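**Q** Sequence plus the predicted model coming up.
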Amino acid sequence: MMVHLQEWIELAAQGVEALAVVIMVSFITYGTARWLFHSVKKIAGSYEKYRVMLGKTLLIGLELLVAADIISTVALDMTLINLALLGGLVVVRTFLGWSLTVETEGHWPWQKAKESPPCAGKETKKTPAS
């Protein structure tokens with residue numbers, strides 16, 4: 001009975017890893033094709049949108065890969081060495097996640113997004129000083 005449970009847990013971890021790879025490859029392929037199409041059409045801001053899409057795709061993929069590692073380590077092979085390796089992976093993933101967030105959103109994850117002023121985009125008339 002315990003062997004079957006371990007097999008299911010291992011399959012679940014592999015499934016989450018496969019899902020991460022499928023998501024990353026799919027969105028990178030889609031995003032690259034879209035960016036190439038927009039580049040040919042010379043649509044403004046296409047590269048910046050492409051970078052944001054890649055960054056968010058990598059963040060999701062990294063989170064899923066860490067989840068798969070947690071499932072594998074905690075449920076199947078919880079040794080001090082594996083827990084230390086998992087801790088190292090989580091630290092690296094956290095650093096990468098913060099870096100990608102700064103690149104894509106322009107602020108640290110714990111900071112509020114920069115709001116534009118209420119009159120942004122509106123031209124105001126300047127009156128001469130008396």
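**A** Okay, I see it.

**Q** drop to CA atoms for contacts and neighbour counts, all remaining ones
**A** Will do.

**Q** in the chain, which ranges drop under the pLDDT threshold?
**A** 1-2, 113-130 (pLDDT under 70).

**Q** can you give me the helices for it?
**A** Ranges of helices in the chain, per DSSP state H, are 2-40, 46-75, 80-105.

**Q** With respect to burial, which of those helices scores highest?
**A** helix 46-75 (a mean of 18; mean count of other CA atoms under 10 Å).

**Q** List the contacts of stretch 50-66.
**A** For stretch 50-66, contacts defined as CA atoms under 8 Å, 6 or more residues apart in numbering pick out 16-17, 19-21, 23-24, 27-28, 31-32, 35, 89-90, 93, 97, 100-101, 103-105.

**Q** redo that, cut-off 7 Å
**A** 16-17, 20-21, 23-24, 27-28, 31, 35, 90, 93, 97, 100, 104 (CA atoms under 7 Å, 6 or more residues apart in numbering).

**Q** between these, which is closest to residue 6?
**A** residue 16 (15.4 Å; CA to CA).

**Q** The closest one against residue 68, yeah?
**A** Yes. Contact criterion CA atoms under 7 Å: residue 16 and residue 68 qualify, at 5.6 Å.

**Q** Now do the shared contacts for these two.
**A** Residues touching both residue 16 and residue 68 (CA under 7 Å, 6+ apart): none.

**Q** quick revisit: and of the helices of the chain, who's closest to residue 112?
**A** Nearest to residue 112, of all the helices of the chain, is helix 80-105, at 10.3 Å by CA to CA.

**Q** Output the contacting helices and strands for the closest one.
**A** helix 46-75 (3 or more CA pairs under 7 Å, 6 or more residues apart in numbering; DSSP states H and E).

**Q** Just give me how far the helix it packs on sits from the chain centre.
**A** Chain-centre distance of helix 46-75: 4 Å, with CA atoms, centre = their mean, to the nearest Å.
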